[in-house]
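S.K.: let's see this in three dimensions:
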Amino acid sequence: MSDERPLHEGPATFGEVFAQREYRAVLTATTLSWIGDYIAKAAVTVLVYRETESVALSAAAFAVSYLPWLVGGPLLSTVADRCRYRSVMVNSDLFRMALVALVAVPHLPVWAILGLLFATTLANPPSQAARSALMPVILTGDKLVVGLSVNSSVGQAAQVTGYLVGAAIATASPTVALLVNAASFGASALIVRLGVRDHPRVATGDPRASLLRETGDGFRIVFGTPVLRSIAVLVFSSMLFSIVPEGLAGAWAGERSGGGVDAAATQAVIMAAAPVGFILGGLIIGRAVRPARRVALIRPFAVLAPLVLVPALLDPPPGVVALLVAVCGFSVAGLLPVANGLFVRALPDGYRARAFGVMATGMQVIQGSAVIVTGLLAERFSIPRVVGLWSAAGVLLMLVVVARWPSTAAFDAAIAAAKAPGPRPGSAAPAGGGTPAETTGRAAAPVAEGTRDEGPMPGRRAAAGGTATL
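M.R.: Numbering: from 1, shown residues only. Predicted structure coming up:
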């Protein structure tokens, strides 16, 4: 019997979500590894700076964690579709535990530290892809919506907590912080191994191809399916401007210093505002708003997110800037999880992990590019002017995106196609106008187990993502 509820009923409760043993295990393990990871990032920057007294090398140690996504995110994520999800998660944690423990060895040369860190982060894409693909298997219906909203909010809280704790521990002993990170990966592996069932690998119904070919399938299905492409554009567009205040917070705080204003405190307030807003938005929208209303709010939230940052043009005081950034974070939390859920439902079974890799890599590239471009602009113009005009351009972009947002019928067709047998991505289009990707897959989208939509808006009952997280 399906656990689906009609759209006019209220959302799933936190109690229903946390009653799922496997979800509790995944959330606990993920939270531990998240916090440990952020502690390690803070520790490594301190460790490298102490060894070299080089700001550039210290920054490189922090940035190295993003490289695997840029150089091989989709390829590494595809590995998760070729194996059992639990095995991928456990082995990734054990691999990272061993390498982080090696980083903690005293007096390692900097090149060895950076090399070990890069090797450690190679396990991030397959691990995160496997977790993303597993969630719709263990949570169905609107429980998936609420559960992944919790994931998003916990991820933001873990970031704040990890950085604060990591900075405190690293100041005293970077080695201890790194050992804490290694222990967190070990605990995560144990919790997943004992708390998550060994679900069989999802088959696409097609013969296994090469890793490169299957990675290409991920790009083809995301950008070859109109519905998935529209969602990808929405997600990437929201990342394009929402990251800018956080990325420029340090320089922005520097411009505001003086007159009794503490630059460090200003930076902290601006950077903390986005995750705080996201946490509130994820919990409130995910829990208190009915499923149909969440979907209806995608378009207004998409426009509101950049619109609320336009007043930065007036160079408001730091407290007002933080409030604007928090509202932006709230708005992104209102649209991103729901859009992620629609993406999940329209995605054929067996392609979840590789599609996650495409989206996660795209988000990393978009966010990094936005910060770099606005940083270069801020070299010539004031930061309030850059943020305000960049956000105004974001409003125009989002108006175009929401104007082209797929209809309910289009989501209906994409979800139905994901559940029906058909050719794999890149095959010839069927009669009737469907795209190859829309008819791809075997039994179900990632939420196929008991997540048939009932009511006037099929496919619009969305799940939060932790993009991240898609």
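S.K.: could you report the pLDDT at the residue lying closest to residue 329 once chain neighbours are set aside?
M.R.: With sequence-adjacent residues excluded and distances taken as CB to CB, 6 or more residues apart in numbering, residue 329 is closest to residue 277, at 2.8 Å. For glycine as for every other residue, the C-beta is placed from the backbone atoms N, C-alpha and C. The model reports residue 277 with a pLDDT of 90.
S.K.: ditto for the one 5 residues further on
M.R.: Turning to residue 282, the model gives it a pLDDT of 82.
S.K.: thought it was touching residue 333?
M.R.: Yes - with contact defined as CB atoms under 8 Å, residue 282 counts as touching residue 333 (4.3 Å).
S.K.: which stretches of this protein form strands?
M.R.: Per DSSP state E, the chain has strands spanning 466-469. These are given in chain order.
S.K.: now it, which segments are flagged as low pLDDT?
M.R.: 1-11, 55-56, 58-60, 62-63, 167, 201-211, 214, 256-264, 421-470 (pLDDT under 70).
S.K.: domain boundaries for it, per the record?
M.R.: Described in terms of automatic domain parsing, the domain architecture of the chain consists of the residue ranges 11-201, 211-470.
S.K.: make CSV out of those domains and add mean neighbour count.
M.R.: Written out in CSV, the entries for the domains of the chain read as follows (neighbours: other CB atoms under 10 Å):
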stretch, mean neighbour count
domain 11-201, 20
domain 211-470, 21
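S.K.: so who does the residue nearest to residue 329 touch?
M.R.: With contacts defined as CB atoms under 8 Å, 6 or more residues apart in numbering, the neighbours of residue 277 are 325, 326, 327, 328, 329, 330, 331, 332, 333.
S.K.: of these, which is the nearest to residue 87?
M.R.: Among the contacts of residue 277, residue 333 lies closest to residue 87 (CB to CB), at 31.9 Å.
S.K.: ok, that closest one - contacts?
M.R.: Residue 333 sits next to 149, 152, 153, 277, 278, 279, 280, 281, 282, 285 when contact means CB under 8 Å, 6+ apart.
S.K.: with residue 20 instead?
M.R.: Residue 20 makes contact with 138, 139, 143, 147, according to CB under 8 Å, 6+ apart.
S.K.: how about the nearest residue to residue 334, chain neighbours excluded?
M.R.: In this structure, residue 334 finds its nearest non-sequential neighbour in residue 301, 4.1 Å apart by CB to CB, 6+ apart.
S.K.: ugh, wrong one, I meant residue 156
M.R.: Leaving aside its chain neighbours, residue 156 sits nearest to residue 275 (3.7 Å; criterion: CB to CB, 6+ apart).
S.K.: please apply the same query to residue 239.
M.R.: Beyond its immediate neighbours in the sequence, the residue positioned closest to residue 239 (CB to CB, 6+ apart) is residue 366, lying 4.6 Å away.
S.K.: how about residue 195?
M.R.: residue 25 (2.6 Å).
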